[in-house]
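**Student:** return atomic coordinates for the entry below.
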Amino acid sequence: MVIDLLLLDLAQTLGQPEGDGTRIQVAITQSDLASLIGSTRQSVNAALGELEESGAIRREGRQLVVLSREALSDRVRKAD
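**Tutor:** Residues are numbered from 1 along each chain as shown. Below is the predicted model of the structure:
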């Protein structure tokens, strides 16, 4: 999915390592993410919920923590 690729890119370029993952160091809304990938806020919300449920990310307000880059990469590969 495109959101997975975007999160990987944001973690790489704007991420700050912390104990259990990589914190994306910018506050970003679901609407912002949707605009960046040409999607809807509702679709982004659903995708983030799935990613959080699977343990790939954690949402903390408007910040995201990528807990498993491997899980995001696997999802990108499976989407191809």
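**Student:** which strands and helices lie in contact with the host helix or strand of residue 34?
**Tutor:** If you go by DSSP states H and E, residue 34 is part of helix 30-37. Applying 3 or more CB pairs under 8 Å, 6 or more residues apart in numbering; DSSP states H and E, we find helix 30-37 packed against helix 2-14, helix 41-54. Where C-beta positions appear, they are placed from N, C-alpha and C, glycine not excepted.
**Student:** could I get the phi/psi values of the closest residue to residue 71 other than its chain neighbours?
**Tutor:** Using CB to CB, 6 or more residues apart in numbering and skipping residues adjacent in sequence, the residue nearest residue 71 is residue 56, 3.9 Å away. Residue 56 adopts backbone torsions of phi -80, psi -30, taken as degrees, to the nearest 10.
**Student:** helices or strands up against the lowest-mean-pLDDT helix or strand in the chain?
**Tutor:** The weakest-scoring helix or strand in the chain, judged by mean pLDDT, DSSP states H and E, is helix 69-79 (a mean of 94). Using 3+ CB pairs under 8 Å, 6+ apart, the elements in contact with helix 69-79 are helix 2-14, helix 41-54.
**Student:** report the angle between that helix and helix 2-14.
**Tutor:** Interaxial angle, helix 69-79 versus helix 2-14 (axes from the mean of the first three to the mean of the last three CA atoms, to 10 degrees): 140 degrees.
**Student:** got the buried residues for helix 69-79?
**Tutor:** 69, 71-72, 75-76 (16 or more other CB atoms under 10 Å).
**Student:** with stretch 36-46 instead?
**Tutor:** 39, 43-44.
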